[in-house]
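*Asks:* No letters, just coordinates:
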């Protein structure tokens, strides 16, 4: 598709109903990719270096839809750099109120492209930046144009930003195969004046003449595709913050824990079921870890100094480890699953052998609570962090 044809297409697009606009934008690149002519790649490049096309699609559809257009290019194509820049810019291009504020979104696109791509050596990327400048100048709308590559660039440490209708994130966990990221969230509350509720008084508390209740339109758990950054499924409000997430080694399920319950989440369907062992389900957990043997899960109940070694799929407790005298504040498993590491609020760390759940070592790292435990697998060392933020390395 030549420049003139693309201009005509975008101009005619404005006269169509919104639904037809979205259909046309959805299939544009696919139609070009299926074209039998030999200049297919040139046509796709011409479209993807048009700022007007990118901005209209971001506005009428979503940044994810624009990002997926670049998948029709070879993996080593120079315009994949633009795709990476868009993935890094998701937090600026997506707004949780975008349906109401869509017209305010796309001006950010130009600044993000300039801030992340100005240092490029690609002629096609430079063509996109030039088209971006021309489009913004023609429209005479204010926009921020960085003079240098002042934002994080593609191919640096940060690969992508995950964005959605989110609350404060309480816990993050990666599935064993590395393909999905699971996020657990704090509660989001609706407030209203007492006696004038926006919804019936259920599960509410009263505070200073006002009432509040969890907003059930926010998901407590979300599952993300690590490769694309897209949200796959979400699971509804639990009325309790998420304390722990333990992806199981079947890669299709994860355990989701609050203060008073543990449920099994189907990562594809976004549905949950209670665990089969009622006492396990009802007690909740502050820490949950699935063991790589795929036959056991390790659980610590909120405020407990006891570690429960539980059997799958029954979730029955096989053994309880009770050597901590104070509530447990950190729990970790070594990479190969041979050893379990635990720390408590008094600064004591325990090292357990997983095969027989035997305590191998116990030592004090601090006068305050243990906040984190990390194994440096390649060097056979342990890193501890306490509540004061002090890190120590141990052989």
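*Replies:* Cool, got the structure. Note that the structure is predicted; figures quoted are calculated from it, not measured.
*Asks:* quick one: low-confidence parts of the stretch 51-200 of the chain?
*Replies:* In the predicted model of the stretch 51-200 of the chain, residues 95-107, 164-167, 187-200 satisfy pLDDT under 70.
*Asks:* now the helices for it?
*Replies:* Under the criterion DSSP state H, counting those that start in this stretch, the stretch 51-200 of the chain contains helices at 51-60, 63-69, 80-88, 90-93, 98-101, 107-117, 123-139.
*Asks:* The second one: which residues count as buried?
*Replies:* Buried residues in helix 63-69, defined by neighbour count with 16 or more other CB atoms under 10 Å: 63, 64, 66, 67, 69. Yep, even glycine has a C-beta here, placed from its N, CA and C like the rest.
*Asks:* So what's the residue count around the nearest residue to the second one once chain neighbours are set aside?
*Replies:* Spelled out, that is residue 64. Leaving aside its chain neighbours, residue 64 sits nearest to residue 230 (5.5 Å; criterion: CB to CB, 6 or more residues apart in numbering). Per other CB atoms under 10 Å, the neighbour tally for residue 230 reads 15.
*Asks:* I'd like the distance between residue 230 and residue 133.
*Replies:* Using CB to CB, to the nearest Å, residue 230 is found at 30 Å from residue 133.
*Asks:* Also residue 147?
*Replies:* From residue 147 over to residue 133 (counting by CB to CB), the distance is 12 Å.
*Asks:* Between these two, point out the one with more neighbours.
*Replies:* Each of residue 147 and residue 133 has its neighbours counted (other CB under 10 Å); residue 133 has more, 16 against 8.
*Asks:* dump the residue contacts of that one.
*Replies:* residue 145 (CB atoms under 8 Å, 6 or more residues apart in numbering).
*Asks:* I'd like to know which of the buried residues of helix 63-69 is nearest to residue 314.
*Replies:* residue 64 (40.2 Å; CB to CB).
*Asks:* and the gap between the residue most central in space within the chain and residue 370?
*Replies:* Nearest to the geometric centre of the chain sits residue 162, at 4.8 Å (CA atoms, centre = their mean). Distance, residue 162 to residue 370, using CB to CB: 29 Å.
*Asks:* Could you do residue 333 as well?
*Replies:* Residue 333 is 15 Å from residue 370, by CB to CB.
*Asks:* between those two, which one's more packed in?
*Replies:* Ranked by neighbour count (other CB under 10 Å), residue 333 and residue 370 place residue 370 first, with 27 against 19.
*Asks:* What pLDDT is listed against the closest residue to residue 254 other than its chain neighbours?
*Replies:* Distances taken as CB to CB, 6+ apart place residue 247 nearest to residue 254, at 4.4 Å, with adjacent residues excluded. Note on residue 247: pLDDT of 93.
*Asks:* surely residue 247 meets residue 171?
*Replies:* No. Here residue 247 lies out of contact with residue 171, judged by CB atoms under 8 Å, at a distance of 11.6 Å.
*Asks:* Need the overlap of contacts for those two.
*Replies:* With CB under 8 Å, 6+ apart, residue 247 and residue 171 have no common neighbours.
*Asks:* Those two: who's more crowded?
*Replies:* Neighbours were counted for residue 247 and for residue 171 using other CB under 10 Å; residue 247 has more, 24 against 20.
*Asks:* ok, that one - contacts?
*Replies:* Neighbouring residues of residue 247 by CB under 8 Å, 6+ apart: 173, 174, 175, 176, 180, 182, 253, 254, 267, 290.
*Asks:* The last one pairs with what?
*Replies:* When bridges are called by DSSP bridges, residue 290 pairs up with residue 297.
*Asks:* So it is in contact with residue 248, correct?
*Replies:* Yes. Residue 290 lies in contact with residue 248 (CB under 8 Å); the separation is 5.1 Å.
*Asks:* so what sits against both of those two?
*Replies:* Common contact partners of residue 290 and residue 248 (CB under 8 Å, 6+ apart): 255, 297.
*Asks:* Of those two, give the one with the bigger neighbour count.
*Replies:* Just comparing residue 290 and residue 248: by other CB under 10 Å the higher neighbour count belongs to residue 290, 24 against 20.
*Asks:* and the more buried one, what pLDDT?
*Replies:* pLDDT at residue 290 comes out at 93.
*Asks:* Who are the contact partners of it?
*Replies:* 176, 246, 247, 248, 249, 255, 296, 297, 298.
*Asks:* If you drop the residues flanking it in sequence, what lies closest to residue 146?
*Replies:* Counting by CB to CB, 6+ apart, residue 115 is the residue found nearest to residue 146 once chain neighbours are left out, at 4.1 Å.
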